[in-house]
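Colleague: predicted model, plus sequence, below.
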Amino acid sequence: MNNDFVLIKDNVFTKKECDSMIYQYGQKLQSAEKDGMNYNFCDLNYFEYMERLNLITKEYENTFSEISKTVSIWQLESLRFKHFKPGKGFSEWHSEHCHTFPYRVLSLQIYLSEHNCGTEFYNGDVIKSKIGRICLFPASFTHTHRGQICPQNKNRYIITGYISFVKKGDKE
């Protein structure tokens, strides 16, 4: 991957764990199709693997130490399980940092299924979906991206999250 500030970690979750998450969270899905999103989702108020995500976030800090030079505190929030039906995907170019979400610093993705597609960046780089893979990248316009449509026309499952700046009192 040629994008700066992208961390990709494979085998963070086993296939069995990913299948379990697909089963568990798949039963709680709400439709986002009415909002033009063409996927189903559920917000994860509880995530049993939070300790692993915290370790990956810490690894990101260690790998890209300049992020620790900010004066703000930041934390992982807004985890969401997503199911893309065959032929569907979030195919619009976008970044996660915008006027609606001005405090987002990093985007986190956990791939629960594997296909010959993934997250495509505006510069042409692609992070392929792979069972158990996590990637973290800046939420800014510098990492404008979109989801690719599965060429095998299969269901796709992913968990997304955002690392955002928070007020000092909110985290403590």
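Modeller: Noted; the coordinates are in hand. Numbers count the residues shown, from 1 in each chain.

Colleague: per-residue confidence averaged over whichever strand or helix holds S164?
Modeller: Taking DSSP states H and E as the definition, one finds S164 inside strand 156-166. Here strand 156-166 scores 90 as its mean pLDDT.

Colleague: residue contacts, K154?
Modeller: 86, 113, 115 (C-beta atoms under 8 Å, 6 or more residues apart in numbering). To be clear about C-beta, it is placed using only N, CA and C from the backbone, and glycine gets the same treatment.

Colleague: returning to what we had before: partners of the strand holding S164 in the sheet?
Modeller: Sheet pairing of strand 156-166 (DSSP bridges) gives strand 73-84 (antiparallel), strand 104-111 (antiparallel).

Colleague: go ahead and flag the most central residue of this structure.
Modeller: Nearest residue to the geometric centre of the chain (C-alpha atoms, centre = their mean): Q109, 2.2 Å.

Colleague: who's H145 bridged to?
Modeller: H94, F121.

Colleague: how much space separates it from Y49?
Modeller: 24 Å (C-beta to C-beta, to the nearest Å).

Colleague: so which of these two has more stuff around it?
Modeller: H145 (23 against 15; other C-beta atoms under 10 Å).

Colleague: that's a helix at E17, yeah?
Modeller: Yes - per DSSP: H, G, I helix; E, B strand; the rest coil, E17 lies within a helix segment.

Colleague: enumerate every residue touching it.
Modeller: Contacts of E17 (C-beta under 8 Å, 6+ apart): 49, 132.

Colleague: rerun that using 10 Å as the cut-off
Modeller: Residues near E17 by C-beta atoms under 10 Å, 6 or more residues apart in numbering: 48-49, 52, 112, 131-132.

Colleague: can you give me the neighbour number for T63?
Modeller: 12.

Colleague: same check on H99?
Modeller: H99, neighbours per other C-beta under 10 Å, totals 5.

Colleague: that older thread, can I get the strands paired with strand 156-166 in CSV including mean pLDDT?
Modeller: CSV is the format used below for those (pLDDT from 0 to 100):
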stretch, mean pLDDT
strand 73-84, 86
strand 104-111, 94
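
Colleague: for N155, find the nearest of those.
Modeller: Among these, strand 73-84 comes nearest to N155, with 6.5 Å by C-beta to C-beta.

Colleague: buried residues in that closest one?
Modeller: Judged by neighbour count using 16 or more other C-beta atoms under 10 Å, the buried positions of strand 73-84 are 74, 76, 79-84.

Colleague: gap between it and the chain center?
Modeller: 7 Å (C-alpha atoms, centre = their mean, to the nearest Å).

Colleague: need the CA coordinates for that strand. CSV is fine.
Modeller: Backbone C-alpha positions of strand 73-84 (Å, rounded to 0.1, in the frame of the first residue of the first chain) are rendered in CSV as follows:
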residue,chain,number,x,y,z
ILE,A,73,-7.4,13.1,23.3
TRP,A,74,-8.9,10.7,20.8
GLN,A,75,-10.7,7.4,21.2
LEU,A,76,-12.4,4.7,19.2
GLU,A,77,-16.2,5.2,18.8
SER,A,78,-19.1,4.5,16.5
LEU,A,79,-18.5,0.8,15.7
ARG,A,80,-21.0,-0.4,13.1
PHE,A,81,-21.5,-3.9,11.6
LYS,A,82,-22.4,-3.7,7.9
HIS,A,83,-23.9,-6.2,5.5
PHE,A,84,-23.7,-5.5,1.7
